[in-house]
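Asker: All I have is the shape, not the residue letters:
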């Protein structure tokens with residue numbers, strides 16, 4: 001198990017944004033976080049990516065406890081919702097920069113960046129400036145960036161937002177491939193049931209800060225349909 005959360009809660013004064021979140025994620029699996037806006041998905045992701053501290057509870061990423069956030073950061077990749085890009089940088093320049101931030105040499109960072117661009121189908125636009133990329137291409141670049149440090153667990157927050165149906169489908173297939181080929185765990189946040197059904201192995205459905213259903217996609221969709 002690459003990620004395990006135990007009874008995570010977050011309060012802002014009297015308001016409970018998250019109540020008792022517990023789940024686990026296996027290597028090679030995609031876990032869907034499904035729920036309407038305000039359900040607690042983004043709060044959960046912020047806690048699991050060490051941006052927010054939980055009020056109570058704990059979690060473990062690839063054997064590292066949440067008491068060691070700096071160590072966890074080396075094990076995770078994140079594509080936040082609404083990620084901004086420097087439009088004047090090239091795709092390869094952008095990824096190489098992040099590769100070096102993680103301590104790689106310039107040559108090594110560039111080599112890995114080129115491989116990642118190929119993985120997400122952007123190798124032909126490596127030398128183009130990001131300002132010329134379509135929305136879908138930027139989302140692919142964001143996914144490549146989340147993989148620069150070869151993470152064990154990748155968090156993707158609404159990655160298909162604003163894409164046309166074909167772009168959505170392509171991105172979801174890419175996400176599934178990343179989990180399988182890298183044997184990574186992927187947490188996919190969405191408010192679309194169709195996305196979760198199409199790509200996820202397991203699902204956690206949230207509403208008003210708590211889990212209302214969880215399990216394999218087949219089990220949970222069966223429960224909610226019944």
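Answerer: Noted; the coordinates are in hand. Keep in mind that this is a model prediction, so the values were computed, not measured.

Asker: So for this structure, the centremost residue is which one?
Answerer: residue 155 (1.7 Å; CA atoms, centre = their mean).

Asker: Please name every helix or strand in contact with the helix or strand hosting that residue.
Answerer: Assigned by DSSP states H and E, residue 155 belongs to strand 153-157. The contact analysis (3 or more CB pairs under 8 Å, 6 or more residues apart in numbering; DSSP states H and E) places strand 153-157 against helix 41-48, strand 76-79, helix 135-146, helix 165-182, strand 185-190. Placement of C-beta: from N, CA and C, glycine included.

Asker: could you dump these to TSV with mean neighbour count?
Answerer: Formatted as TSV, the helices and strands packed on strand 153-157 follow (neighbours: other CB atoms under 10 Å):
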stretch	mean neighbour count
helix 41-48	23
strand 76-79	23
helix 135-146	21
helix 165-182	17
strand 185-190	26
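
Asker: These into CSV, with extra columns for distance to residue 59 and mean pLDDT?
Answerer: Below are the helices and strands packed on strand 153-157 laid out as CSV (distance: least, CB to CB, whole Å; pLDDT from 0 to 100):
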stretch, distance to residue 59, mean pLDDT
helix 41-48, 6, 93
strand 76-79, 11, 95
helix 135-146, 19, 93
helix 165-182, 19, 92
strand 185-190, 11, 94
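
Asker: Count the residues that sit near residue 38.
Answerer: The local packing of residue 38 (other CB atoms under 10 Å) involves 13 other residues.

Asker: give the contact list for it.
Answerer: Counting by CB atoms under 8 Å, 6 or more residues apart in numbering, residue 38 makes contact with residue 208.

Asker: and it, what helix or strand is that in?
Answerer: Counting by DSSP H and E, residue 38 is found in no helix or strand.

Asker: And for residue 104?
Answerer: Applying DSSP H and E, one finds residue 104 in no helix or strand.

Asker: ok, it - contacts?
Answerer: Applying CB under 8 Å, 6+ apart, we find residue 104 in contact with residue 112.

Asker: how far away is it from residue 110?
Answerer: The spacing between residue 104 and residue 110, counted by CB to CB, to the nearest Å, is 9 Å.
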